[in-house]
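Trainee: sequence below, structure please.
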Amino acid sequence: MDSDIFKVEIKDHVARCSMNSPKNMNALSRDLGFPMIEKIRQLLIDDSVRVLVIRGEGGNFCTGSDIGLLGDNMDPSFLSEAMNLMNSLLYELHEGPKPVITEVDGNVFGGGLGLALASDITYATERARFCTGFIHIAAVLDMGTSYFLAERMGLAKAKEFAYTGDIMDPEEAFRTGLINRIVHHDDISKEVMKLAAKLAEKAPAALAWTKRALNKAHHLDLQTVLDLEAHVQPIILLSKEHKGAIKKFLLKHGVKP
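Mentor: Modelled structure (predicted):
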């Protein structure tokens, strides 16, 4: 699954996916965007992969669309195809059953911000810089940024951030809920992989339903959430994974199952 511009390494049920186009700060060019979509989709249906990590090489995460594809160079049919494919991928990352972690360093601009926030957990370095950027080129939010910003920061703060196009440092990103944690750039890969390994040890079905419940809960009323939990929990409690986990828990605490 490895390639020069989009690298995938799989170890212990964790797929580490790296955008590797440092000359244009990992902008979503034709060469990067399509291989990334194809390979991540393969990982999402690979039962041996339980956790995905998405990151950028060369000191940047992703700066969104390749500027060379916009303006007078824009091909409307290509734009439509690329956006539909990318939007489908973002939906699958956010709503799919597998935990997704984004490891963010350097610039996280435009659609790259949407990609970073489509994850379940986002770690960032002290060098990370966040910007919607769209307003600076007379464009509107895309790649899910309008949804993800409001979901993580709240609507009022998301509007200010999008309207101004200001650059946000990692400290403010952490304060506003945009990211989960700030880690020094020398340590972030190690910390992200440590978290990914921890999640990969958990029961996949339990993780999948936990992710689904949390994604849906804030869009539903309490009674509907309670009904959903009451429907799913009995099914999970009948699983082999749950019964095995109970035996392990009891033995750990000196109780014979």
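
Trainee: what's the helix or strand for the nearest residue to Met168 once chain neighbours are set aside?
Mentor: Spatial nearest neighbour of Met168, excluding adjacent residues (C-beta to C-beta, 6 or more residues apart in numbering): Phe130 at 4.3 Å. The way it works is simple: take the backbone N, C-alpha and C, and place the C-beta from them, glycine included. In this structure, Phe130 sits in strand 129-131 according to DSSP states H and E.

Trainee: chain center to that strand, what's the gap?
Mentor: Centroid separation for strand 129-131 versus its chain: 16 Å, with C-alpha atoms, centre = their mean, to the nearest Å.

Trainee: run through the neighbouring helices and strands of that strand.
Mentor: Here strand 129-131 touches strand 107-109, going by 3 or more C-beta pairs under 8 Å, 6 or more residues apart in numbering; DSSP states H and E.

Trainee: what comes into contact with the strand it packs on?
Mentor: 25, 60-64, 116, 124, 128-133 (C-beta atoms under 8 Å, 6 or more residues apart in numbering).

Trainee: contacts for the next helix or strand after it?
Mentor: Using DSSP H and E, the helix or strand that follows strand 107-109 towards the C-terminus is helix 111-117. Residues outside helix 111-117 that contact it (C-beta under 8 Å, 6+ apart): 26-28, 54, 61-65, 86, 90, 102, 104, 108, 122, 130-133, 141-145, 148-149, 152, 178.

Trainee: which pLDDT value goes with His13?
Mentor: If you check His13, the pLDDT there is 98.

Trainee: contacts only, for it.
Mentor: Counting by C-beta under 8 Å, 6+ apart, His13 makes contact with 48-51, 200.

Trainee: same thing with Phe61?
Mentor: By C-beta under 8 Å, 6+ apart, the contact set of Phe61 is 19, 26, 55, 102-108, 112, 115-116, 128.

Trainee: coming back round to it: neighbour-wise, which of the contacts of His13 leads?
Mentor: The most crowded member of those, judged by other C-beta atoms under 10 Å, is Val51 (27 neighbours).

Trainee: report the contact partners of it.
Mentor: 13-15, 98-101, 196, 199-200.

Trainee: 10 Å instead?
Mentor: Val51 sits next to 12-16, 43, 98-101, 120-121, 193, 195-202, 204, 207 when contact means C-beta atoms under 10 Å, 6 or more residues apart in numbering.

Trainee: tell me how this protein divides into domains.
Mentor: With domains defined by automatic domain parsing, the chain comprises 6-200, 204-252.

Trainee: most packed of the ones you listed?
Mentor: Each of the domains of the chain was scored by mean neighbour count; the highest is domain 6-200, a mean of 18, by mean count of other C-beta atoms under 10 Å.

Trainee: quick one: end-to-end length of that one, please.
Mentor: This stretch, domain 6-200, spans 22 Å end to end (C-alpha to C-alpha, to the nearest Å).

Trainee: what mean pLDDT does stretch 178-198 get?
Mentor: For stretch 178-198, the mean per-residue pLDDT is 98.

Trainee: how about the strands in the stretch 151-257 of the chain?
Mentor: Ranges of strands within the stretch 151-257 of the chain are 181-182, based on DSSP state E, counting those that start in this stretch.

Trainee: in helices, which of the contacts of Val51 appear?
Mentor: 43, 193, 195-200, 204, 207 (DSSP state H).

Trainee: nearest to Gly71 among these?
Mentor: Nearest to Gly71 among the ones in helices among the contacts of Val51 is Leu43, at 33.4 Å by C-beta to C-beta.

Trainee: that closest one against Phe6, yeah?
Mentor: No: here Leu43 lies out of contact with Phe6, judged by C-beta atoms under 10 Å, at a distance of 11.4 Å.

Trainee: list the residues that contact both of these two?
Mentor: The contact lists of Leu43 and Phe6 share Cys17, where a contact means C-beta under 10 Å, 6+ apart.
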